[in-house]
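Colleague: quick one: sequence and predicted model below, then my questions.
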Amino acid sequence: MTSRPVKPDREAVFLRLLVEAADGQTGTELALRAAVETQLDSDAAGSPWRVARLFGPPGTEEERGLARFFEVTGHVVASPTYPPHKLAFDLARELAEAANVRVDPDLPSSAFEPPPGAMPSPEARGVFSDDRPPHPAAAARNWARVAIRCPEAWALQPPPGGAAMGAGIAIGHPDTGYTEHVELEAGALDLGRDRDVIADDDDALDPLERRRFWLDQPGHGTATGSVIIGRPAGDLGGVAPRATLVPIRTVKSVVQVFDGDVAKAIDHARRVGCGVISMSLGGVGFSRALGEAITAAVQHGMIVLAAAGNYVGFVTAPATDPNCLAIAATNAVDEPWSYSSHGSAVDFSAPGQDVWVAIARPEEGPPRRAIGQSDGTSFAVAHAAGAAALWLAHHGRDSLIERYGAPNVQRVFLELVSRSSRKPPGWDEREHGVGILDAEALLRAPLPDHPRESRLAAARPVERDTLARINEKCPELSREELSDRLAEGLGVEPAELEAGLERVGGELAYLLNEDRGLREHLVRPEATALSGERRAPLVNDLRSAGSRSLLAQLGLP
């Protein structure tokens, strides 16, 4: 592909391709560079495409799996008639064929969509809010910590070698970065280990910029961080007020998430010695690089947690990864939050509706003092991450690693959460996990002699086939139902479907994540039947939504 001048009415946009090679040896990297130079030529800005390792150089056994991942970056021309995501899949397939590697475009995904008509509040609330007033039971600023019994957990005497209130535990925090706020006083933030993976520097300060009113969430990292480690001297306080937060600026918007940046953030948190990772974000998560980063973290003895998702109806990535804990949201009366993602991938729930948080307004300079209420599984996972820090500190992280082995620490944590969580009357474990987090009961729970089997993958990479990964976007369907509908919609025999999905599955998963109409046609064909319309085959949806290379793979003109 040769470069052409950018037309005045078009925009050159940054694009990253995530490459998975058979191994990370020098010869593989050289072959990839040669293929990029031959196939992609110069980018839209007239510069060579850049090839680099996605992660740092491998130095330990758990990092060996990371060595085979690379990133190819450059600029492409965005056209109103052929948007960047289509061009990205074309380029990815072109490079994959030339270099004999797997290539996934790293595209922003909007899996944390707002409800219809919802907008951020003037106070720049952390995520999005509907017009519903806060529940009266959520009036007290400490209601969420009381609900998970933080005061009782703080009062417990740790065993020998342990510490109270999360002391000594560093929590990696991939988010929008930090701001100076009175709820995050001195000692709360570790600014010696922070990182900005967007700017590729060591300053995770949130610039509090909003590119588009509805899209970005400046200050989101301040809000979630205050729930995790807010100091008691403020008006709120956090779940683990003696732990420290390592800010990692990873996103500008929790509804526009790049897998590559999240993977880099997880890798950084592991390399600098964090014990917990809290991710209040969600996207497609189709790149295997993200899964490898999570696996390496868990093998290192870390507890990795992510928000289940908001408003979309299915659990988002990275929470869907078999080695990541997925946290759903509840309200002040122990009910599931109406807009929380739910399903079999959820591990447990924690408060996420009407939570009091620190607010960093873009127009207000430090020292910022604003607080307010916000909704989202962003805050549910923040409560869970704080409780994980309490548990690690209480028993001593080093002691837990010595007793169970680093790869089993997260499994033991989930086992004890399963034993100690509260289950209100009518609680549905299949949809909302084992129960609602109870920090005191968690810390009181006796440590097992050996870790039991659980849904976690024992800190090993799990090879989910393409159909299983697509099924994450359509949990309403069984695997068999999804297979039948895809085969029928794509016009192939069921026996041929698996091979076909290897070629088109990544783009199909992306489109199902982004295109509500396409997903509805696949999941709810009865809706069009009831409206009197005949449901068009899936290929008709893909004619307009898919890339040229996708249509070519499907044999469509």
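Modeller: Everything's here; your move.
Colleague: which SS class is residue 520?
Modeller: Assigned with DSSP: H, G, I helix; E, B strand; the rest coil, residue 520 falls in the helix class.
Colleague: swap in residue 500?
Modeller: helix.
Colleague: that one: neighbour count?
Modeller: Neighbours of residue 500 under the rule other C-beta atoms under 10 Å: 18. C-beta: built from backbone N, CA, C; applies to glycine.
Colleague: which residue comes closest to it once chain neighbours are left out?
Modeller: Nearest residue to residue 500 in three dimensions, chain neighbours excluded: residue 492, at 5.7 Å (C-beta to C-beta, 6 or more residues apart in numbering).
Colleague: give me the distance between the one you found and residue 541.
Modeller: 16 Å (C-beta to C-beta, to the nearest Å).
Colleague: same deal with residue 361?
Modeller: Distance of residue 361 to residue 541, given as C-beta to C-beta: 42 Å.
Colleague: buried residues in stretch 418-428?
Modeller: 418, 420-422, 427 (16 or more other C-beta atoms under 10 Å).
Colleague: now for residue 446, how many residues are close by?
Modeller: Residue 446 has 7 nearby residues by other C-beta under 10 Å.
Colleague: that's a helix at it, yeah?
Modeller: No: counting by three-state DSSP, residue 446 is not part of a helix but coil.
Colleague: check it and give its pLDDT.
Modeller: Residue 446 is assigned 97 on the pLDDT scale.
Colleague: for residue 243, same thing?
Modeller: So residue 243 comes in at 98 (pLDDT).
Colleague: okay, now it: neighbour count?
Modeller: Neighbours of residue 243 using other C-beta under 10 Å come to 28.
Colleague: hang on, the earlier thing: more crowded one of residue 361 and residue 541?
Modeller: Between residue 361 and residue 541, counting by other C-beta under 10 Å, residue 541 is the more crowded of the two (20 against 16).
Colleague: thinking again about what came up before, okay but the residue nearest to residue 500 is in contact with residue 501, surely?
Modeller: No: judged on C-beta atoms under 8 Å, residue 492 makes no contact with residue 501 at a distance of 9.7 Å.
Colleague: so those two - more neighbours on which side?
Modeller: Between residue 492 and residue 501, residue 501 has the larger neighbour count (other C-beta under 10 Å), namely 22 against 17.
Colleague: how close does the residue nearest to the more buried one when sequence neighbours are not counted get to residue 411?
Modeller: Closest residue in space to residue 501, ignoring its immediate chain neighbours: residue 466 at 4.2 Å, by C-beta to C-beta, 6+ apart. Distance of residue 466 to residue 411, given as C-beta to C-beta: 27 Å.
Colleague: check residue 368 too.
Modeller: Distance of residue 368 to residue 411, given as C-beta to C-beta: 39 Å.
Colleague: who has more neighbours, those two?
Modeller: Neighbours were counted for residue 368 and for residue 411 using other C-beta under 10 Å; residue 411 has more, 24 against 20.
Colleague: A helix includes residue 245, no?
Modeller: No: assignment of residue 245 by three-state DSSP gives strand, placing it outside any helix.
Colleague: ok, it to residue 205 distance?
Modeller: Counting by C-beta to C-beta, the separation of residue 245 from residue 205 is 13 Å.
Colleague: residues in contact with stretch 139-158?
Modeller: Under the contact criterion C-beta atoms under 8 Å, 6 or more residues apart in numbering, stretch 139-158 has outside partners 137-138, 164-165, 227, 235-237, 239, 332, 334, 350-351, 355-356, 371, 379, 383, 387, 390, 393-396, 436-444.
Colleague: can you tell me how far the residue nearest to residue 258 when sequence neighbours are not counted is from residue 84?
Modeller: Among residues not flanking residue 258 along the chain, residue 106 sits closest, at 5.2 Å (C-beta to C-beta, 6+ apart). Look at residue 106 and residue 84: by C-beta to C-beta, they are 11 Å apart.
Colleague: more crowded one of these two?
Modeller: Counting neighbours by other C-beta under 10 Å for residue 106 and for residue 84 shows that residue 106 has the greater number, 29 against 20.
Colleague: the more buried one contacts residue 256, doesn't it?
Modeller: No: contact criterion C-beta under 8 Å: residue 106 and residue 256 do not qualify, at 11.8 Å.
Colleague: burial count for residue 156?
Modeller: Neighbourhood size, residue 156 [other C-beta under 10 Å]: 16.
Colleague: can you classify it as helix, strand or coil?
Modeller: Of the three states, residue 156 takes coil according to three-state DSSP.
Colleague: among the buried residues of stretch 418-428, which pair sits farthest apart?
Modeller: Farthest apart among these by C-beta to C-beta are 420 and 427. That separation is 14.2 Å.
Colleague: sorry, back to before: more neighbours: residue 245 and residue 205, which one.
Modeller: Set residue 245 next to residue 205 and count neighbours by other C-beta under 10 Å: residue 245 wins out with 33 against 16.
Colleague: CA atoms only for stretch 279-290, dumped as CSV, please.
Modeller: What follows is stretch 279-290, C-alpha atoms only, in CSV (Å, rounded to 0.1, in the frame of the first residue of the first chain):
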residue,chain,number,x,y,z
MET,A,279,-9.8,-1.5,36.1
SER,A,280,-12.9,0.7,35.9
LEU,A,281,-13.1,0.4,32.1
GLY,A,282,-14.4,-2.0,29.4
GLY,A,283,-14.1,-2.7,25.7
VAL,A,284,-14.0,-5.5,23.2
GLY,A,285,-10.9,-7.2,24.5
PHE,A,286,-10.4,-9.4,21.5
SER,A,287,-6.6,-9.1,21.4
ARG,A,288,-4.8,-12.0,23.0
ALA,A,289,-2.1,-9.6,24.2
LEU,A,290,-4.5,-8.3,26.8
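Colleague: quick one: average confidence on it?
Modeller: Average pLDDT, stretch 279-290: 90.
Colleague: off-centre distance for it?
Modeller: Taking C-alpha atoms, centre = their mean, to the nearest Å, the mean C-alpha location of stretch 279-290 is offset from the chain mean by 5 Å.
Colleague: equivalent analysis for stretch 272-286, please.
Modeller: 6 Å.
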